[in-house]
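>>> fold the stuff below for me.
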Amino acid sequence: AVDLSRAAVDGAVEVTGELVTDSGVVGSIAHRADRGRMLVVEHRRLGRVYRLVVGSTVNGICARTSVPVVSVPTGWEPTSRAVPVITVAVQHPHEASGLLRVALAQAEAIGARVEVLHTWWLSNGFDNTAVDQPFRDEAARTAQAEFEPVLQTLAVEFPSVSTHVTVRHAPPVEALLDAAETSDLLVVGRRHHMLPAGSHLGPVARTVLDQSAAPVLVAPGADRPASGMHGERLPARATR
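Predicted coordinates for the structure are as follows:
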């Protein structure tokens, strides 16, 4: 793995290796990840029964680390888009600045544009029949207006990054998995917005990690500004 990595970067990035023989895989990786700035892991396509019995290493790591984690699906290859697309999922605009800053920093580093995705769904079993088009249009206008001041403030820090807000009337998981098909990276917060800080992964993050066609960046502390992440590509510790 070290040889392959060194060959891939051709001296542009220093690559080191470490053989870990500790008993707990998740704990060992999470502990070592906290020494760096980002952790990159591979998400293997395993059966549901296997994951039910054994559990997910990626989910366990994402729930425990204090640094951003990027989960890369097995077999994923970078796209040939002239301008890469980073999609960031935001539930509440007033909590969005930290998560948006993570996405914008990554976009600035690779010359990408940022698609801010906000979804809403009533979850009452009658959403498709109870919500008409005027209602959807009004909800979209309201969300756009709430995002505008947040993005204007961040535009001062990231003037070179183009952003666009998309508001979808759809279940969050469905909307994010659709976005993964046209994105080079998905950025999501670690915790569910209704759970206390420091909690385990929310259900949307878990499902997206398991099924996304694109790499997923899980940002801890998504409701707080991410310091030290402006204007640079984050170095990473990588593991399979």
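>>> okay, which residue is most central for this structure?
Val187 (2.2 Å; Cα atoms, centre = their mean).
>>> and the lengthiest helix in the chain, what does it pack onto?
Longest helix in the chain, counting residues (DSSP state H): helix 133-157. If you count contacts as 3 or more Cβ pairs under 8 Å, 6 or more residues apart in numbering; DSSP states H and E, helix 133-157 packs onto helix 97-110, strand 113-120, strand 163-169. In this view, the C-beta of every residue, glycine as well, is placed from N, C-alpha and C.
>>> tabulate these (CSV), appending mean pLDDT.
Shown next, in CSV, are those (pLDDT from 0 to 100):
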stretch, mean pLDDT
helix 97-110, 94
strand 113-120, 94
strand 163-169, 93
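>>> save the ones you listed as a markdown table, and put in distance to Glu146 and mean neighbour count too.
Listed next are these as a markdown table, based on distance: least, Cβ to Cβ, whole Å; neighbours: other Cβ atoms under 10 Å:
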| stretch | distance to Glu146 | mean neighbour count |
| --- | --- | --- |
| helix 97-110 | 12 | 23 |
| strand 113-120 | 9 | 22 |
| strand 163-169 | 10 | 17 |
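>>> distance to Thr87 added to the ones you listed, as a markdown table?
Formatted as a markdown table, these follow (distance: least, Cβ to Cβ, whole Å):
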| stretch | distance to Thr87 |
| --- | --- |
| helix 97-110 | 8 |
| strand 113-120 | 4 |
| strand 163-169 | 9 |
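>>> which strand residues bridge the residue nearest to the centre of the chain?
Val88, Leu217 (DSSP bridges).
>>> contacting residues for it?
Going by Cβ atoms under 8 Å, 6 or more residues apart in numbering, Val187 touches Ile86, Thr87, Val88, Ala89, Leu99, Val102, Ala103, Gln106, Val216, Leu217, Ala219.
>>> and it, what's its pLDDT?
The score at Val187 is 96. That number is its pLDDT.
>>> could I get the full set of helices for this structure?
2-9, 25-33, 48-54, 57-64, 97-110, 127-130, 133-157, 172-180, 203-211.
>>> of the ones you listed, which shows the lowest average pLDDT?
It's helix 48-54: among these, that one has the lowest mean pLDDT, namely a mean of 44.
>>> and the furthest pair within the contacts of Val187?
Using Cβ to Cβ, the contacts of Val187 reach their maximum pairwise distance at Ala89 and Gln106, which is 14.1 Å.
>>> nearest spatial neighbour of Thr16, skipping sequence neighbours?
Nearest residue to Thr16 in three dimensions, chain neighbours excluded: Val2, at 7.5 Å (Cβ to Cβ, 6 or more residues apart in numbering).
>>> gap between the one you found and Thr142?
51 Å (Cβ to Cβ, to the nearest Å).
>>> ok, Ala155 next?
Distance, Ala155 to Thr142, by Cβ to Cβ: 21 Å.
>>> residue contacts, the residue nearest to Thr16?
By Cβ under 8 Å, 6+ apart, Val2 lies in contact with Val15, Thr16, Gly17.
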